[in-house]
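Chemist: Provided below are the primary sequence and the corresponding predicted coordinates.
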Amino acid sequence: MKENSYFIEKLSEVMGNYTGVRNLLREIMQHIIKEEDALGVFIYRKLKDKIILWEKKGKVDLPVSFKSEDEINFPNCFTKKLFSFKKEDAIFGIIKNEINNKIFDYIPLIEIVYQSITFNEKVQELLIKDDLTELSNSRYFHLMMKKYVSNKKFHPITCIFLDLDNFKEINELYGHIIGGKTLKEVGKRLNLLFENFPGAVLTRYGGDEFTILLPNVSLDEGRAIAIMVKENFETSSFQVSSHKFFITASFGVATFPTSTKNPDKLLTLADKSMFKVKESGKNNVGVAYSEDNF
């Protein structure tokens, strides 16, 4: 298609830019509708579904803004053919004689757009993931905190701050490689404990410090959950290479708006509660009932 070079040039300007790619796909969609190219629409839908899935997983903080399929007026001459394709058909594997040959002009463009989306997805993961434990990082913690605070349907919001006890000894006795693997095993354990907990944000905040952000959880519920994690750690060993550790942790719990009306202080209160536990013997759960405790 003669517009191919125009779209490719425009794509080069938005490569790696989520919003730019999304808007460019919308522009391509409008062109496809005018041309009545069935394969183009089919591929576009695949890309659109990928973006929407991306948004629903929370990898970007943007609303789903595509119109639903019912609102898009696809030409009737090929709508039926589109729905005849099976879901498992490869994006670039549609039988050639099922479509007009001119549609294959779209293939180079669609490949580039798809690569751009994939590249952007990887960039987003790097920005929000801790590369050692594969939990989220502090940046994502604060993004999700902002999201939960802004919508009352997520209130109350509980933050659990935990710091591993005597982790320095593991590094000193077994080396930093084993220490790193230990942190990775802690991340796996937290993922396992919270795999069915809706909305839980598990973060390696830094070093051997971890946070658990829980929407729709009260202060008392948060304390009970922290005790559950504490007991799991102290009773179930961690297998790290050829070593077996029983690891304990100190926990601090704070809840918005119970502990504080200021969401910016939530993490600090949980951290301070944890630090009090460290000072008083470790391997326990501290609770910030109010800012007056500190």
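Modeler: Structure's in. What do you need? Numbering: from 1, shown residues only.

Chemist: where do the strands sit along the protein?
Modeler: 157-164, 201-206, 209-215, 238-240, 243-245, 249-256, 285-287 (DSSP state E).

Chemist: so what strands line up beside the last one?
Modeler: Put plainly, it is strand 285-287. strand 249-256 (parallel) (DSSP bridges).

Chemist: same question, the third one
Modeler: Sheet pairing here is set by DSSP bridges, and for strand 209-215 it gives strand 157-164 (antiparallel), strand 201-206 (antiparallel).

Chemist: of those, which is nearest Ala226?
Modeler: strand 157-164 (5.0 Å; CB to CB). For the C-beta atoms, the positions are set from N, CA and C on the backbone; glycine is no exception.

Chemist: can you mark which positions in the closest one are buried?
Modeler: 157-164 (16 or more other CB atoms under 10 Å).

Chemist: from the residues you listed, which is closest to Ile225?
Modeler: Nearest member of these to Ile225, counting by CB to CB, is Ile160, at 6.8 Å.

Chemist: next up, the contacts around the closest one.
Modeler: Applying CB atoms under 8 Å, 6 or more residues apart in numbering to Ile160 gives the contacts 211-212, 214, 222, 225-226, 229, 251-253, 270.

Chemist: mind giving me TSV with these and columns for pLDDT and distance to Lys153?
Modeler: Below are the contacts of Ile160 laid out as TSV (pLDDT from 0 to 100; distance: CB to CB, whole Å):
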residue	pLDDT	distance to Lys153
Thr211	98	21
Ile212	98	20
Leu214	97	14
Gly222	97	18
Ile225	97	20
Ala226	98	23
Val229	97	25
Phe251	98	26
Gly252	98	26
Val253	98	22
Ala270	98	22
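
Chemist: report the buried members of those residues.
Modeler: Counted by 16+ other CB under 10 Å, the contacts of Ile160 give 211-212, 214, 222, 225-226, 229, 251-253, 270 as buried.

Chemist: measure the nearest residue to Thr258 once chain neighbours are set aside to Arg204 for me?
Modeler: Leaving aside its sequence neighbours, Thr258 sits nearest to Leu219 (CB to CB, 6 or more residues apart in numbering; 4.7 Å). As judged by CB to CB, to the nearest Å, Leu219 and Arg204 stand 24 Å apart.

Chemist: which outside residues touch stretch 187-197?
Modeler: 130, 132-135, 200, 202, 204, 210, 212, 214, 228-229, 232-233, 236, 238.

Chemist: which of these are buried?
Modeler: The buried subset of the contacts of stretch 187-197 - by 16+ other CB under 10 Å - is 130, 133, 135, 200, 202, 204, 210, 212, 214, 229, 233, 238.

Chemist: returning to what we had before: and of the strands paired with strand 209-215, who's closest to His142?
Modeler: strand 201-206 (9.5 Å).

Chemist: OK, contacts around the residue nearest to Thr258?
Modeler: Applying CB under 8 Å, 6+ apart to Leu219 gives the contacts 156, 158, 253-255, 258-259, 287, 289.

Chemist: so how do I select the buried members of those in ChimeraX?
Modeler: With 16+ other CB under 10 Å as the criterion, this ChimeraX line picks the buried residues out of the contacts of Leu219:
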select :156,158,253,254,255,258,259,287
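
Chemist: need the contacts of Leu219 in TSV (columns: distance to Val277).
Modeler: Supplementary listing: the contacts of Leu219 in TSV, determined by distance: CB to CB, whole Å:
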residue	distance to Val277
Pro156	22
Thr158	16
Val253	10
Ala254	13
Thr255	17
Thr258	19
Ser259	16
Val287	10
Tyr289	14
